[in-house]
Each structure stands twice: as structure tokens, then as C-alpha cells.
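S.K.: sequence? don't have it. structure:
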């Protein structure tokens, strides 16, 4: 059974600081890994998708790395802004489903 | 391009009742997956439908059932509601039988009293 862990559970930083969010998974037999953003009470917004054959993906201020063999992914958010405050979830895809971590709740202080 | 939509947005039901939640997949997507997200937790996979057939199921009892229609929209039905069924129910669609990126709807917040 795939277990996904996200550390830390919560993070508070001043505006402008870089964010580093960690995700680990127990079964390296994955097809891809997705990072999502979730605002309170809302659905999930996909941020980045990394295929199992890739090492990283970048979109604007976001960069995600994947080390499949060690079961780890890291999401970097550069120059954080108050609008980045949200919960960030990582999910790994097995045969047909996504397995999620519990998320990291980020607060960016103005 | 229309994204994933879900209805209703919120609903309140009494323990023992039945509920139907609806999802319209993104244009061109033939696969729909349903997830349950309890407060403070990550979403848990319920089941997936691909071309109107159940394609996989998570650790949920049979009182959770679903349908997918020819236009690829989907329903999630929950019978004999329990208090622990209170959660945000998320629908996700994807192309290619779920092999690619999944796109989530805004969710339905279900409260069971």
C-alpha cells in the first residue's frame, strides 16, 4: 500500500522568502507525481505534473523535483507572496488512482 | 474549454438517508475518479470509471456506488449515510484512461447530521 507523507504539516514565512515543501512516498513504482494547491473549502488546482521518467518540472516561480528511487519530491516556491497562502498536496499515481499526502499548510505573512 | 463541474456545492443530510452527487468531466476526458476528503486530511480514492465501467476501487464499502454515462459525466451514490461520511467529495477527470494529469472539480461539501 502506497503511503505518502508531507513534512512539515504547516509553515509560516515572511513575504519574499523561498518555500521548500517535502513529499515522500513508500512505493517507487509510480507513473507520475502531481503537486496541487487547495484553498480553504475549495477543490484542487494542479500546479505541476512530473512523469516518472523526469527529474524536475518548472512553472514560473514553482519548481518540483522527483527522485523516484529514494521516494522523494520537493516543491520549491521562489519569492513567496501572501497569495501563495494555501495548503499544498502531493499525490503519486499508481495503476489507476492518486495517493495523497495530508498536505502542508503555508502562510505567507505580509 | 469547460472544466470539471460538480453539483450540488453543499448539502446537508440526515444519518440513514441516501445522497447522489454529480460530476461533469472536462471536455475530451473519458475517465472520472471520485475522492473523499475529510477535514484536515488528504483525499482518499473511492473509485474510477472509464468508458462507463468501474476501473478500480478504493477501500470503501458497497454502499458507495457510482455510474458513468455515455457523455462521460458521472454520479456518486451513497446509501445509509453515516456521520463519518461528512466530507468534501471531489471529482477528477482525465484523458487516456487516467494515464495523464487529473483535473479536479470544486467539490461537494456533504454534512451528515
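M.R.: Great, that's in hand. For clarity, every value in this text was computed on a predicted model and none was experimentally measured.

S.K.: which residues does residue A:30 contact?
M.R.: Taking Cβ atoms under 8 Å, 6 or more residues apart in numbering or on different chains, we find residue A:30 in contact with A:2, A:52, A:68, A:92, A:93, A:94. For glycine as for every other residue, the C-beta is placed from the backbone atoms N, C-alpha and C.

S.K.: Counting neighbours, what do you get for residue A:9?
M.R.: Using other Cβ atoms under 10 Å in any protein chain shown, residue A:9 has 13 neighbouring residues.

S.K.: Out of the contacts of residue A:30, which one has the weakest pLDDT?
M.R.: Confidence by pLDDT is poorest for residue A:94 among the contacts of residue A:30, given 86.

S.K.: Spatially nearest residue to that one (excluding sequence neighbours)?
M.R.: residue A:2 (5.9 Å; Cβ to Cβ, 6 or more residues apart in numbering or on different chains).

S.K.: Report the contact partners of that neighbour.
M.R.: When contacts are counted by Cβ under 8 Å, 6+ apart, residue A:2 touches A:25, A:26, A:27, A:30, A:92, A:94, A:99.

S.K.: The second one touches residue A:70, doesn't it?
M.R.: It stands for residue A:26. No - applying Cβ atoms under 8 Å as the test, residue A:26 and residue A:70 come out as separate, 11.2 Å apart.

S.K.: Residue B:12 belongs to a helix, doesn't it?
M.R.: No - using DSSP: H, G, I helix; E, B strand; the rest coil, the assignment for residue B:12 is strand, not a helix.

S.K.: so how many other residues sit close to it?
M.R.: Residue B:12: 12 neighbours (other Cβ under 10 Å).

S.K.: Just grab the bridge partners of it for me.
M.R.: Going by DSSP bridges, residue B:12 is paired in beta bridges with residue B:111.

S.K.: so who does it touch?
M.R.: If you count contacts by Cβ under 8 Å, 6+ apart, residue B:12 has them with B:111, B:112, B:113.

S.K.: Could you do residue B:52 as well?
M.R.: Contacts of residue B:52 (Cβ under 8 Å, 6+ apart): B:67, B:68, B:69, B:70.

S.K.: Is the first one in contact with residue B:53, as I believe?
M.R.: No - Residue B:67 sits out of contact with residue B:53 when judged by Cβ under 8 Å, with a separation of 10.5 Å.

S.K.: quick one: which of the two has more around it?
M.R.: Neighbour tally, residue B:67 and residue B:53, criterion other Cβ under 10 Å: the higher count belongs to residue B:67, 15 against 8.
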